[in-house]
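[1] Make a model of this:
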Amino acid sequence: DDSTSKGSLNDKISDLITVCKSKEVPVIYALSRRKLGKSVGKKLRTSVVAVLSADGANEDLKAALKLVSKLRSAYAQDPK
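    Numbers count the residues shown, from 1 in each chain. From the prediction side, this is the model:
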């Protein structure tokens, strides 16, 4: 996918993020595509992972969202 052409992967991800934000669905940017794929047990580069239900992992989700909030604040103060 040419990242500058209309309908590119970047456009699709941007659209997905916009929808998530409008529906107050948390969006976390993390890892490289390769590491993201590996984190979900795939050997392929992965661009997006969706958690459809946090049932049974509510505390982990809360901790992840809290950490992301803290890291975003730190980055906003010193984006190096």
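[2] For this structure, give me the ranges with low pLDDT.
    Applying pLDDT under 70 to the chain flags the ranges 1-5.
[3] May I ask you to name the longest helix in it?
    helix 58-77 (DSSP state H).
[4] With just CA atoms, put that one into CSV.
    This file holds the C-alpha atoms of helix 58-77, laid out as CSV (Å, rounded to 0.1, in the frame of the first residue of the first chain):
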residue,chain,number,x,y,z
ASN,A,58,-10.8,-5.7,33.3
GLU,A,59,-8.0,-4.9,35.8
ASP,A,60,-5.4,-5.5,33.1
LEU,A,61,-7.2,-3.1,30.8
LYS,A,62,-7.6,-0.5,33.5
ALA,A,63,-3.8,-0.8,34.2
ALA,A,64,-2.9,-0.5,30.5
LEU,A,65,-5.1,2.6,30.1
LYS,A,66,-3.7,4.2,33.2
LEU,A,67,-0.1,3.5,31.9
VAL,A,68,-0.9,4.9,28.5
SER,A,69,-2.4,8.0,30.0
LYS,A,70,0.8,8.5,32.1
LEU,A,71,3.1,7.9,29.2
ARG,A,72,1.1,10.3,26.9
SER,A,73,1.4,13.0,29.6
ALA,A,74,5.1,12.5,29.9
TYR,A,75,5.5,12.6,26.1
ALA,A,76,3.5,15.8,25.9
GLN,A,77,5.8,17.4,28.3
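[5] which of the residues in it are buried?
    Residues Ala64 are the ones in helix 58-77 that count as buried (16 or more other CB atoms under 10 Å). (Each C-beta comes from the backbone N, C-alpha and C, glycine too.)
[6] any idea how far it is from the chain center?
    On the basis of CA atoms, centre = their mean, to the nearest Å, helix 58-77 sits 12 Å off its chain's mean C-alpha point.
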